[in-house]
Structure formats: C-alpha cells, structure tokens
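**Q** let me see the structure of the following:
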Amino acid sequence: QVQLVESGGGLVQAGGSLRLSCAASGRTFSSYVMGWFRQAPGKQREFVAGISWSGGGTYYCDSVKGRFTISRDNAKNTVYLQMNSLKPEDTAVYYCAAKNYNTYYDPTNFGSWGQGTQVTVSS
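**A** Residues are numbered from 1 along each chain as shown. The predicted structure follows:
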C-alpha cells in the first residue's frame with residue numbers, strides 16, 4: 001500500500017486555474033499507476049485522469065480533455081493535476097489514487113486512496 005495526501009484544492013472563479021498535488025509515501029512510487037477521480041454531491045465518482053508508471057501514457061475523460069493535464073515527478077513521489085479553464089461543473093471533491101496494474105486508462109483496481117481535496121468553481 002502507498003499513502004496518499006492531496007493538496008491544492010480551493011475556491012476559484014470560472015475560467016480560472018488550480019493545480020492539485022498528491023504526495024505519496026510508502027512503497028516505490030514509480031511502480032504505481034496514478035489516477036485522479038472526482039465526486040460531486042449526488043453524483044457517482046468519476047475517473048478524471050490517469051498516468052502510467054513512467055508518465056509516458058495519459059488518459060483523460062472527455063469532459064476535461066484539453067483543459068486538465070496530469071503529470072508526475074517520480075523523484076518527488078508526487079502526481080499533479082493542472083486544471084485550467086475551470087467550469088462550475090468541475091466542482092467536486094478530487095481524490096488521488098494508486099494501483100499496481102499498468103492500465104492507466106482503466107478506472108478499476110485502484111487500491112490506495114487519498115482523503116480528497118475540495119475544488120469549488122464559482123460562476
């Protein structure tokens with residue numbers, strides 16, 4: 001298991017930007033596929049983005065393509081989610097997650113989760 005701690009959430013106006021960070025501790029970070037999920041009140045959890053072990057492969061859900069960028073720094077044991085052109089519908093709790101399977105485009109089998117960070121986008 002790897003321990004994950006998210007940071008960087010907050011309140012931003014529509015059109016603005018935020019960068020989320022997720023710091024990992026425990027076992028070797030570079031051996032984990034990382035993902036970002038979000039959950040808005042009354043809605044199902046959504047797989048927003050995933051990134052491969054090396055960072056060479058990335059996945060985005062359709063609603064964030066072209067606006068969000070997932071990246072990782074294995075030397076710092078950290079994964080990031082740069083969110084630009086934010087919309088009110090991006091408002092949610094964002095969670096970082098990790099798994100050992102090299103399927104960064106697949107929302108299943110994520111076994112380690114952070115506590116979440118709130119992102120609120122005002123109109």
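**Q** based on its surroundings, how many neighbours for residue 90?
**A** 22 (other Cβ atoms under 10 Å). Using the backbone N, CA and C atoms, a C-beta is placed for each residue, glycine as well.
**Q** shouldn't it be in contact with residue 83?
**A** Yes - using Cβ atoms under 8 Å, residue 90 is in contact with residue 83, at 6.8 Å.
**Q** so what sits against both of these two?
**A** Each of 64, 119 lies in contact with both residue 90 and residue 83 under the rule Cβ atoms under 8 Å, 6 or more residues apart in numbering.
**Q** show me the contacts for the nearest residue to residue 45 once chain neighbours are set aside.
**A** Distances taken as Cβ to Cβ, 6 or more residues apart in numbering place residue 39 nearest to residue 45, at 4.4 Å, with adjacent residues excluded. By Cβ under 8 Å, 6+ apart, the residues touching residue 39 are 45-46, 92-93, 95, 116.
**Q** where do the strands sit along this structure?
**A** Listed in chain order, the strands of the chain (DSSP state E) span 2-7, 10-13, 18-26, 33-39, 46-51, 58-60, 68-73, 78-83, 92-99, 112-113, 117-122.
**Q** tell me the mean pLDDT over the third one?
**A** Averaged over strand 18-26, pLDDT sits at 94.
**Q** check the first one too.
**A** Strand 2-7 shows a mean pLDDT of 96.
**Q** pairing partners for that strand, with directions?
**A** strand 18-26 (antiparallel) (DSSP bridges).
**Q** and if you look at the second one?
**A** Take DSSP bridges as the rule and strand 10-13 pairs in its sheet with strand 117-122 (parallel).
**Q** outside of the strand it pairs with, which residues touch it?
**A** 6-14, 16, 18, 20, 38, 83, 86-94.
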